[in-house]
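Undergrad: mind folding the following:
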Amino acid sequence: MVPLRVRTQPSLSPAERDDIAAFLELAMQHDGARLNDHLLTDLNHGRTDGFWAAIASHDGSIRGYAQASTANDGVIVGCVVPAGDHSTPALLLRALLAELPASTRVTWWSSDASATTAAELGMRADRRLLQMTRSLPIPDTSDVAVRPFRVGVDEAEWLALNNAAFAWHGEQGGWDLATLQQREREPWFAPEGFLLHEREGRLAAFCWTKLHSGASLVGEIYVIAVHPQFHGLGLGRALTVAGLQHLQSVGAASAMLFVDADNASAVGLYRALGFDVDHADQSYLRPPQGDTP
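TA: Model (predicted):
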């Protein structure tokens, strides 16, 4: 067994970020392992409050990476190691957890069978997230009126809608202007794919799409929501179809999205639109342990 050195730190130098980005890119190419979008955005934009990195290395080569970032209801963590390595995740996550106050709610998202590691760390299964996919084009159409997001104009009203719709959500809820502006600086951000629907003179719903390049262009329904005051009008389906229409118009050959497994109405809607489950990610929770001195 290769002896590993694990170090934790609350910030990364530009050179360290580049090395980690290269490691994550290789892991993604080899077996699809990746950090989620929330963690990647924090990594790309440098130090933020609550950020911690744990790096496993041997002879100067990175052999594993884990990260903690502040979220809506505590901290989320993610871990990437080479395929088949079942021991390094526990080392990395234990090192991260040691840096976080016991009073912090910690959520670990994992895309593999990690129940044993979670139990060793005192974490229990929590949310399950489905990735659903379908080919494009779609036969469905939508004539709902949408317009593109206007950078520098729509932020405040969009944040109010997003935070009302996702008040319960660990990653998508509780956004502030800095969080949104981080996404606006991402290379994939495209206002023309960020579709807003207005009703009664106010923002009622949105469908934010994203493109992934690769062997073929894949479009993602990145975030979609309807303001609670406009539920029951069929806007969820209409905005999903509008988003898919946009994605196929810019050349996407297939579409994907993520949805909580226990959101039966949304899962049913996406199945009715031709989506099937590709795989599931499981989160594990370390509840707050009480205040520390």
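Undergrad: please, which helix or strand holds Gly243?
TA: Per DSSP states H and E, Gly243 falls inside helix 235-249.
Undergrad: for that helix, the averaged confidence score.
TA: Here helix 235-249 scores 97 as its mean pLDDT.
Undergrad: report the distance from that helix to the chain centre.
TA: Distance of helix 235-249 from its chain centroid, counting by C-alpha atoms, centre = their mean, to the nearest Å, is 20 Å.
Undergrad: buried set for it?
TA: Neighbour counts over helix 235-249 (16 or more other C-beta atoms under 10 Å) mark 235-248 as buried. Just so you know, the C-beta spots here come from the backbone N, C-alpha and C atoms, and that holds for glycine as well.
Undergrad: and the residues you listed as JSON lines, adding distance to His38?
TA: Below are the buried residues of helix 235-249 laid out as JSON lines (distance: C-beta to C-beta, whole Å):
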{"residue": "Leu235", "distance to His38": "25"}
{"residue": "Gly236", "distance to His38": "23"}
{"residue": "Arg237", "distance to His38": "26"}
{"residue": "Ala238", "distance to His38": "27"}
{"residue": "Leu239", "distance to His38": "22"}
{"residue": "Thr240", "distance to His38": "22"}
{"residue": "Val241", "distance to His38": "27"}
{"residue": "Ala242", "distance to His38": "25"}
{"residue": "Gly243", "distance to His38": "20"}
{"residue": "Leu244", "distance to His38": "24"}
{"residue": "Gln245", "distance to His38": "27"}
{"residue": "His246", "distance to His38": "24"}
{"residue": "Leu247", "distance to His38": "22"}
{"residue": "Gln248", "distance to His38": "27"}
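Undergrad: what kind of secondary structure is the closest residue to Asp126 other than its chain neighbours in?
TA: Spatial nearest neighbour of Asp126, chain neighbours left out: Leu285 (3.9 Å); criterion: C-beta to C-beta, 6 or more residues apart in numbering. Three-state call for Leu285 (DSSP: H, G, I helix; E, B strand; the rest coil): strand.
Undergrad: now do the contacts for Leu285.
TA: 105-108, 123-126 (C-beta atoms under 8 Å, 6 or more residues apart in numbering).
Undergrad: possible to save those residues as CSV with distance to Asp73?
TA: Below are those laid out as CSV (distance: C-beta to C-beta, whole Å):
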residue, distance to Asp73
Arg105, 6
Val106, 10
Thr107, 8
Trp108, 14
Met123, 15
Arg124, 16
Ala125, 17
Asp126, 11
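Undergrad: and those, which is closest to Trp188?
TA: Taking C-beta to C-beta as the measure, Trp188 lies nearest Thr107 of these, at 24.3 Å.
Undergrad: roughly how far is the helix or strand that contains that closest one from the heart of the chain?
TA: Thr107 belongs to strand 106-110 when assigned by DSSP H and E. Using C-alpha atoms, centre = their mean, the mean C-alpha position of strand 106-110 is found 12 Å from that of the whole chain.
Undergrad: what sits up against that strand?
TA: So strand 106-110 is in contact with 36, 68, 71, 74-79, 89, 93, 97, 100, 114, 118, 121, 123, 126-127, 129, 170, 281-286, going by C-beta under 8 Å, 6+ apart.
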